[in-house]
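[1] Sequence first, then the predicted structure, then my questions.
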Amino acid sequence: MTMKKFEKTAKAVRLYDMVDGKYRSHPEHVDGELEAVVEAIQEVKVAFADDTADINDRATAMLVSPDGNNGWLRQLLVKSGHKDCGLTPKFRSSLGWGW
């Protein structure tokens, strides 16, 4: 059995990180930035559902999110070879993630 690559999910997480970083860097948010973050989160959900369609119910897969307490998604991507989808140890620690 080959290991899943999670290519679509990794691409969507990279986009989310870029959009979210832009949103967080502006003290006064520019119109449309929050909507872009919400859309990027949705793209991660769809990508993960697509990447795991053979083993995961779509409704369940759509519960995933690249933010919040979902450190396992980042860890999964890093272990799948997408090192750039990980977060710095300091940031992970601030979220309470133990890895």
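    Received it, and whenever you're ready, just let me know what you need.

[2] Lys4 contacts Thr52, doesn't it?
    Yes: with contact defined as C-beta atoms under 8 Å, Lys4 counts as touching Thr52 (7.4 Å). From N, CA and C alone the C-beta is placed, and that goes for glycine too.

[3] The two: which is more packed in?
    Between Lys4 and Thr52, counted using other C-beta atoms under 10 Å, Thr52 has the larger neighbour count: 18 against 13.

[4] how much space is there between Leu63 and Ser93?
    Computed as C-beta to C-beta, to the nearest Å, the Leu63 to Ser93 distance reads 24 Å.

[5] Run through the residues that contact the spatially most central residue of the chain.
    Closest to where the C-alpha atoms of the chain average out (C-alpha atoms, centre = their mean) is Pro66, at 2.9 Å. Taking C-beta atoms under 8 Å, 6 or more residues apart in numbering, we find Pro66 in contact with Ala12, Val13, Tyr16, Asp17, Ile41, Val44, Leu73, Arg74.

[6] Go through those residues and flag which are in helices.
    Members of the contacts of Pro66 lying in helices (criterion: DSSP state H): Ala12, Val13, Tyr16, Asp17, Ile41, Val44, Leu73, Arg74.
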